[in-house]
Structure formats: C-alpha cells, structure tokens
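> Have a look; sequence and predicted model below, questions after that.
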Amino acid sequence: MKADTIDQITLTKKKNKGIPSNTLQQVLAFSSLVVLVIFFSFASSSFMQWSNIVGILLSTAVIGILALGATFVIITGGIDLSVGTVMTLSSVITGIIIVNSDLPIIVGVVGGILTGALCGLLCGLAITKLKIPPFVATLAMMMIAKGLALVISKAAPIYFTDKPMFTKIALGSIIPGISIPNAVIIFFVLGIIAAIILSKTILGRFNLAIGSNEDATKLSGVNVDYWKMTIYTLAGAFTGIAGVLMASRLNSAQPALGQGYELEAIAAVVIGGTSLSGGKGTIIGTIIGALIMSVLTNGLRVLSIPQEWQTVVVGFVIILAVYMDILRRGKG
C-alpha cells in the first residue's frame, strides 16, 4: 500500500506539472555535447588526439562521481555545497592513513570513502534533526571540511611517492590492450550502480517521492528524515570515492584543492535534466552533463583561452543551466 502511494505521488506531480520527459532532456543534452565536440574538433586539431580524450575522461570521472551523488540530493529538493572540500578532506584522510600511518592501501581507501560518508551523514542530521536548511548546513560543512583538511595535513601536500600501487587505482588499466584509465571505468560502473539504485530500489522511489511532495510522503507513513539522512550519506560516499581517485590521479593529497568543484558538479546535474525543485532526474542525464562540463573546460584550455576567462565561461554555463531548469518548471 505504501509503495503504491509513493508511486502515485510521483506520477501526480509529473501529470500536474507537465514537465518535459526525461528522454527529451537527455536528447537535448546529448545534442549539446555533440555540438561542443564538433566545434572544438574543428577549432583545434589536437582536441581529438587520444591523449586529450583520455584527459577529458579522467576529468569527467572526478566531476561525474561528485555529480552522481549530488543527483540524489538535488532530487530531494536539497543541495550540497560541500562536495568539493569534502572530496579534499577524504583525499587527505586517505593520505594520512596510507603515508603517515603506513597502513595498507585498502585501509586508506576505505577510510577516505567513510570520511565522505560521515560528512554526508552529518549534513543529513543537521538538515533533518536540527532543521537547518540544506544550503546553510552544507555551506557550513564546506567550511568545516576545508579547515579540517588544512589542519590535519598541516597545510602541506601528502605525496604517495613510495606507494606506486596507489596511483594505479586511478591511472592503471585493468582492461588489457586498451589504455582506458581505471578511474574512467570506476565512474561508469558507479553510474550503472547509481542508475539501478534510483530506478530499481526503494531508496530511489522514496528519493523521487520526497522531492515530488515531501509532506504527502510523510503522510503516507514514510520516515522522511531517515531516508534523507541515507541519501546524504550515500552522496557523501560518492564524494569520498571521488576524493580517493583525485589523490590517486595526482599522486598526492592537496589540502588546498577542491573548492569550486561543487559548482561544476551541480551544473552537470542540472544540465542533465535534474530539477532544482526536486522530484525529477536521471543518472544518464547527469553523466551527459558531466561530459559537457569536461569537454567545455578542456576545449577552452586547448584553444589557449586564459584560465580567468575559462572560469567566466563556466559561470555563464551554470547560469544557463539554472535558467533552463526554471524554464522547464515554468511550463507546468
């Protein structure tokens, strides 16, 4: 009975709001990606070189994993501004465990992921139990994680020079004969897992229901606070994985890195069709959105556009993504 009620809540919002189908949004996003690839291919002969394509995919892996977690949060109608600095904190904790404490690599990897999950849980607790708005709760966590990363590392990078196997987590290749980095494979595997969770599990159904109509979901007997905490914890775990991969890719944990990644992750989610008002979103759309952000950033770099102007362009893309979401909601 409860599951039927949840499905009815989600379907009712879709009918009443008249929101364009997820398929249409994915087609539009994919078309934009194709246009960008064609434009940069003609603008620079080096854009389609294999080494550059690998660079784009590696960049997409980190932003994309952050965006996967953010998708679940934004579908609830919430937001997470902490993913960039929590990613950094997870990298630092991984470095402390593996390098400073000289513990096995697997322990450091698990520690990094659990750090992200714990930060997500704390955000969820602040939002559900203390009734702090998601924007404020995750903004506070952003500052806390940034400070802790600097304090724990003593504001100095932690290098994995003596741990060559750690670098292979992101840059190695488990597919013989194909030089696709593990980080890219991990990203797409996580994308499949996230898609299954969102579309095939009770967590995914409650996730969509909470974003569609939280009050009605509560009245149907669902423990909304519990599921919100679970969702933020899950998103935090994705952030922790991104932190481990970032450290592996750079062969170091950089305590000053991370701030700004949250905006690119959120932009990727919104470009992919997830509504900032909640109740609507797909993992495939988020993956396409992450690819768009990476292609855009890389293309501007290949064209030797100054870094400050790259930031300006990305800012305009974020504004455009939010405006598109407003238009989608306004059609209802």
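That came through, no problem. Numbers count the residues shown, from 1 in each chain.
> rest of the way, CA atoms for contacts and neighbours
OK.
> all strands for the stretch 151-300 of the chain, in order.
Ranges of strands in the stretch 151-300 of the chain, per DSSP state E, counting those that start in this stretch, are 158-159, 252-253.
> got those strands as TSV, with mean pLDDT, distance to residue 118 and mean neighbour count columns?
Putting those into TSV (pLDDT from 0 to 100; distance: least, CA to CA, whole Å; neighbours: other CA atoms under 10 Å) gives the following:
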stretch	mean pLDDT	distance to residue 118	mean neighbour count
strand 158-159	96	22	21
strand 252-253	94	19	25
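> Quick one: those strands as TSV, columns for distance to residue 296 too.
Converted to TSV, the strands of the stretch 151-300 of the chain look like this (distance: least, CA to CA, whole Å):
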stretch	distance to residue 296
strand 158-159	30
strand 252-253	26
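> Can you check which of those gets nearest to residue 111?
Nearest of the strands of the stretch 151-300 of the chain to residue 111, taken as CA to CA: strand 252-253 at 13.7 Å.
> ok, residues contacting that closest one?
With CA atoms under 8 Å, 6 or more residues apart in numbering as the test, strand 252-253 has contacts from 88, 91, 92, 94, 95, 157, 158, 159, 160, 246, 247.
> Just give the strands next to it in its sheet, each with its orientation.
In the sheet containing strand 252-253, its partner strands are strand 158-159 (antiparallel), by DSSP bridges.
> Residues in contact with the strand it pairs with: which ones?
Counting by CA under 8 Å, 6+ apart, 92, 95, 96, 99, 251, 252, 253, 254 sit against strand 158-159.
> at 10 Å instead, please
Here strand 158-159 makes contact (CA atoms under 10 Å, 6 or more residues apart in numbering) with 91-96, 98-100, 247-248, 250-255.
> any idea where the helices of the chain begin and end?
Applying DSSP state H to the chain gives helices spanning 2-17, 22-43, 50-75, 83-95, 105-128, 134-153, 164-171, 182-200, 202-212, 214-219, 224-250, 261-271, 283-302, 307-330.
> Comparing these, which comes out most buried?
Stretch with highest mean neighbour count among these: helix 83-95 (a mean of 33; mean count of other CA atoms under 10 Å).
> Show the end-to-end separation of stretch 276-286, please.
13 Å (CA to CA, to the nearest Å).
> same deal with stretch 269-281?
8 Å.
> quick one: contacts of stretch 180-190?
Under the contact criterion CA under 10 Å, 6+ apart, stretch 180-190 has outside partners 53-66, 68-69, 168-175, 191-196, 238, 241-242, 245-246, 248-249, 287.
> Please compute how far it lies from its chain's middle.
Chain-centre distance of stretch 180-190: 14 Å, with CA atoms, centre = their mean, to the nearest Å.
> in the stretch 51-200 of the chain, which segments are predicted with low confidence?
Judged by pLDDT under 70, the stretch 51-200 of the chain has no weakly predicted residues.
> circling back to that earlier point, want to throw the helices of the chain into JSON lines with distance to residue 277?
Shown next, in JSON lines, are those (distance: least, CA to CA, whole Å):
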{"stretch": "helix 2-17", "distance to residue 277": "12"}
{"stretch": "helix 22-43", "distance to residue 277": "15"}
{"stretch": "helix 50-75", "distance to residue 277": "8"}
{"stretch": "helix 83-95", "distance to residue 277": "19"}
{"stretch": "helix 105-128", "distance to residue 277": "17"}
{"stretch": "helix 134-153", "distance to residue 277": "13"}
{"stretch": "helix 164-171", "distance to residue 277": "34"}
{"stretch": "helix 182-200", "distance to residue 277": "17"}
{"stretch": "helix 202-212", "distance to residue 277": "7"}
{"stretch": "helix 214-219", "distance to residue 277": "12"}
{"stretch": "helix 224-250", "distance to residue 277": "15"}
{"stretch": "helix 261-271", "distance to residue 277": "11"}
{"stretch": "helix 283-302", "distance to residue 277": "16"}
{"stretch": "helix 307-330", "distance to residue 277": "8"}
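> correct me, but residue 132 touches residue 122?
No. If you go by CA atoms under 10 Å, residue 132 and residue 122 don't touch, sitting 11.6 Å apart.
> joint contacts of these two?
Residues within reach of residue 132 and of residue 122 at once, by CA under 10 Å, 6+ apart, are residue 138.
> What's the mean pLDDT across stretch 205-212?
Stretch 205-212 carries an average pLDDT of 94.
> er, stretch 219-226 I mean
93.
> Kindly check the end-to-end length of it for me.
Across stretch 219-226, the terminal residues are separated by 15 Å (CA to CA).
> Go ahead and measure how far it is from the middle of the chain.
26 Å.
> One more: stretch 208-218?
23 Å.
> now stretch 76-89
Taking mean C-alpha positions (CA atoms, centre = their mean), stretch 76-89 and its chain are 8 Å apart.
> Kindly report the same for stretch 183-199.
With CA atoms, centre = their mean, you get 11 Å for stretch 183-199.
> do stretch 57-76 as well
Taking CA atoms, centre = their mean, one finds the center of stretch 57-76 at 2 Å from the center of the full chain.
> Can we start the residue count at 38 from this point?
Noted, 38 is the first residue going forward, which turns the last one into stretch 94-113.
> Many thanks, I have nothing further to ask.
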